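Trainee: kindly return the folded structure for what I paste below:
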Amino acid sequence: MTNIGVSITGSGSAIPKLSLDNQQLSQIVETSDEWISSRTGITKRQLADTTESLCSLATQASLAALDQANITPKDIDLIILATSTPDDLFGTASQVQWELGAEKAVAFDMTAACSGFVFGLVTAAQFIRSGVYQNVLLIGADILSRWVDWEDRRTCVLFGDGAGAVVLQASESDRLLGFELRSNGSQNDCLNLPFQPQEKKIIEGVTVSQGTYQPIIMNGKEVYRFAVQKVPEVIEKALFKANISVDKIDWLLLHQANQRILDAVASRLNIPSEKVISNLQNYGNTSAASIPLALDEAVRKNQVKSGDIIAASGFGAGLTWGAVIFEWNGI
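Mentor: Numbering: from 1, shown residues only. Now for the predicted structure:
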């Protein structure tokens, strides 16, 4: 049997219309532009208004990625939507499939928070390598503004909304060169969005738990410590599996959580700052959307070119983290 490879051939992204900058945030909570930007690198973020949905952002990003890859929705075999904030708790991927008109595609959601896109990339590759599917659409999208406590300055300054997508296709040469994925549920309480149960008595002797989800809770110091320690390790393991030395990397593409984390990881790997892709200044932390959103911007600015080798790493709630080494094969 001939080995089937994977190529990433197109990217797209979408951001909401509304913009909220640090100065405007200082009218809501006790903070300032200097405080936020010096500690996070973020100056503004885009927020979905009442007319925008996860489905609409994901669909827009997907159409741009399909156009760049020069294929149509009818060519898609599989759609994976990496998100923690679906429009429907039962899943939003099928809605995206319908909006796109991707008639033959099977679609499902994947939840791994800020690691979702990296986990999704590895998952999509396995479907292609096995020969089951040829064309896969992977979307990372989140609307975290739905679940932010806008009175908590520790978290509300960090998050934004957006979507990004890539097209993966079967190819003769494999451009997904190596990966490493990890999880550690013992640290779940460092970053979560918990369900808050309330007792509801159905009949005598039968009480169930009903309620809703609470806003995002985060221990910033622990998350920073976790990311700075674990992300360089997982990238090194992925590079080892890819049989590539760190100096061969053209771009370091990390989950856009905090500029201090990006700088610290690059420093530990001895990767110069000019090789680090960063756009969180304008978008903040968009969870599963952050890596494909940053990738698409870099591609369309002609920073990332066909043949470039990228080390990408996602990390966040779960706690989950992972890295993937791939060669960009788009425009």
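Trainee: count of neighbours near the nearest residue to Ala113 once chain neighbours are set aside?
Mentor: Leaving aside its chain neighbours, Ala113 sits nearest to Ala317 (3.6 Å; criterion: Cβ to Cβ, 6 or more residues apart in numbering). Placement of C-beta: from N, CA and C, glycine included. Counted by other Cβ atoms under 10 Å, the residues lying close to Ala317 total 23.
Trainee: next, work out how far apart Ala317 and Glu199 are.
Mentor: Separation of Ala317 from Glu199 (Cβ to Cβ, to the nearest Å): 27 Å.
Trainee: is it correct that the residue nearest to Ala113 is in contact with Leu191?
Mentor: Yes - proximity of Ala317 to Leu191 meets the contact threshold set by Cβ atoms under 8 Å, at 4.4 Å.
Trainee: overlap of the contact sets of those two?
Mentor: Residues touching both Ala317 and Leu191 (Cβ atoms under 8 Å, 6 or more residues apart in numbering) are Ala113.
Trainee: average pLDDT across stretch 175-194?
Mentor: Across stretch 175-194, pLDDT averages out at 94.
Trainee: for it, list the C-alpha coordinates in PDB.
Mentor: What follows is stretch 175-194, C-alpha atoms only, in PDB (Å, rounded to 0.1, in the frame of the first residue of the first chain):
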ATOM      1  CA  ARG A 175       4.100  17.700   5.100                       C
ATOM      2  CA  LEU A 176       2.900  17.000   8.600                       C
ATOM      3  CA  LEU A 177       6.300  16.100   9.900                       C
ATOM      4  CA  GLY A 178       5.900  15.300  13.600                       C
ATOM      5  CA  PHE A 179       3.700  15.900  16.600                       C
ATOM      6  CA  GLU A 180       3.300  15.400  20.400                       C
ATOM      7  CA  LEU A 181       0.000  15.800  22.400                       C
ATOM      8  CA  ARG A 182      -0.400  15.900  26.200                       C
ATOM      9  CA  SER A 183      -3.100  16.200  28.900                       C
ATOM     10  CA  ASN A 184      -3.100  16.600  32.600                       C
ATOM     11  CA  GLY A 185      -6.500  16.700  34.300                       C
ATOM     12  CA  SER A 186      -5.000  17.200  37.800                       C
ATOM     13  CA  GLN A 187      -4.500  20.900  36.900                       C
ATOM     14  CA  ASN A 188      -8.000  21.400  35.500                       C
ATOM     15  CA  ASP A 189      -8.900  24.000  38.200                       C
ATOM     16  CA  CYS A 190      -6.100  26.300  36.900                       C
ATOM     17  CA  LEU A 191      -8.300  27.300  33.900                       C
ATOM     18  CA  ASN A 192     -11.900  26.200  33.500                       C
ATOM     19  CA  LEU A 193     -15.500  27.200  32.600                       C
ATOM     20  CA  PRO A 194     -17.400  25.100  35.200                       C
END
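Trainee: centre of the chain to that stretch, how far?
Mentor: Here the centre of stretch 175-194 is set off from its chain's centre by 12 Å, with Cα atoms, centre = their mean, to the nearest Å.
Trainee: check contacts around the residue sitting furthest away from the middle of the chain.
Mentor: Distance from the C-alpha centroid of the chain peaks at Glu204, with 45.6 Å (Cα atoms, centre = their mean). With contact set as Cβ under 8 Å, 6+ apart, Glu204 has no partners.
Trainee: could you check how far the nearest residue to Glu30 once chain neighbours are set aside is from Cys114?
Mentor: Sequence neighbours aside, Arg153 is the residue nearest to Glu30 in space, at 6.3 Å (criterion: Cβ to Cβ, 6+ apart). Remark: distance between Arg153 and Cys114 (Cβ to Cβ) = 20 Å.
Trainee: so these two - more neighbours on which side?
Mentor: Counted by other Cβ under 10 Å, Arg153 and Cys114 do not tie: Cys114 has more neighbours, with 32 against 17.
Trainee: from Ile28, how far off is the spatially most central residue of the chain?
Mentor: Residue closest to the mean C-alpha point of the chain, counted by Cα atoms, centre = their mean, is Ala288 at 2.1 Å. Taking Cβ to Cβ as the measure, Ala288 falls 25 Å from Ile28.
Trainee: next one: Leu63
Mentor: For Leu63, the distance to Ile28 (Cβ to Cβ) stands at 34 Å.
Trainee: cool, Ile4 as well?
Mentor: Applying Cβ to Cβ to Ile4 and Ile28 gives a distance of 51 Å.
Trainee: likewise Gln134?
Mentor: In terms of Cβ to Cβ, Gln134 sits 48 Å off from Ile28.
Trainee: neighbour count winner among these two?
Mentor: More crowded of Gln134 and Ile28, by other Cβ under 10 Å: Gln134, with 17 against 13.
Trainee: contacting residues around Ala298?
Mentor: 251, 253, 277, 279, 304.
Trainee: try it again at 6 Å.
Mentor: For Ala298, the contacting residues are 277, 304, by Cβ atoms under 6 Å, 6 or more residues apart in numbering.
Trainee: what does the one 4 residues further on give?
Mentor: Not one residue lies near Asn302 by Cβ under 6 Å, 6+ apart.
Trainee: doesn't it lie inside a strand?
Mentor: No - judged by DSSP: H, G, I helix; E, B strand; the rest coil, Asn302 forms no part of a strand; its state is coil.
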